[in-house]
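Asker: Provided below are the primary sequence and the corresponding predicted coordinates.
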Amino acid sequence: MTVNLEQWERRAEALWDRYDEHIARAGKTGFVAAMDELATELGEDHPVALHERGGARDSTGDESGAVELYRRALAAGLDGGRRRQCVIQLASSLRNVGQAAEGARLLHAERDAGSDELDDAVAGFLALTLVDSGREREALSVALLALSRHLTRYRRSMENYARDLAP
């Protein structure tokens, strides 16, 4: 049976929209079970299913389980904007399980790989991983550079000061 991915994604989005309801009714394990059940429709090794299963674990506090699934999703060929989301989520989970330096490496590579609407998210999570890696000045530089893009005044000054903080 072939599953229409667009329809499946709408159903996954609807499940996320009811996250609080699931948690209240069935607890964290109930939400994870609901996502796992939905994911089986795409198949055990489908990159989108792996990513969503990782996200379910991540959002319910099982960062170690999320890391494994995020890695599998990326290895299975997750692409497009979802791939970038997965890298951000993987880096954040790595930070939460004590592997912030690896998360920072992933986000540095992601920042250098291209630009899109998730640039500020990459910068924010990069700053967090850098702080947890003991690189606070660099973290502040990353955060201020991201902020400077939104300033209507003092942009050039903020960018220069931010760059001066970086190693």
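Answerer: Right, received. Where do you want to start? Numbers count the residues shown, from 1 in each chain.

Asker: Summarise which helices and strands the strand or helix carrying residue 143 is packed against.
Answerer: Under DSSP states H and E, the secondary-structure element containing residue 143 is helix 136-148. Contact analysis of helix 136-148 by 3 or more C-beta pairs under 8 Å, 6 or more residues apart in numbering; DSSP states H and E lists helix 119-132, helix 155-165 as its packing neighbours. Any C-beta I mention is one placed from the backbone N, CA and C, and that applies to glycine too.

Asker: buried ones in it?
Answerer: Taking 16 or more other C-beta atoms under 10 Å as the basis for neighbour counts, the residues of helix 136-148 that come out buried are 138, 139, 140, 141, 142, 143, 144, 145, 146, 147, 148.

Asker: Columns distance to residue 67 and pLDDT on top of these, output as JSON lines?
Answerer: As requested, the buried residues of helix 136-148 are exported to JSON lines (distance: C-beta to C-beta, whole Å; pLDDT from 0 to 100):
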{"residue": "138", "distance to residue 67": "24", "pLDDT": "96"}
{"residue": "139", "distance to residue 67": "22", "pLDDT": "97"}
{"residue": "140", "distance to residue 67": "27", "pLDDT": "97"}
{"residue": "141", "distance to residue 67": "27", "pLDDT": "97"}
{"residue": "142", "distance to residue 67": "22", "pLDDT": "97"}
{"residue": "143", "distance to residue 67": "24", "pLDDT": "97"}
{"residue": "144", "distance to residue 67": "29", "pLDDT": "97"}
{"residue": "145", "distance to residue 67": "28", "pLDDT": "96"}
{"residue": "146", "distance to residue 67": "25", "pLDDT": "96"}
{"residue": "147", "distance to residue 67": "29", "pLDDT": "97"}
{"residue": "148", "distance to residue 67": "32", "pLDDT": "96"}
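
Asker: Fine, thanks again, bye for now.
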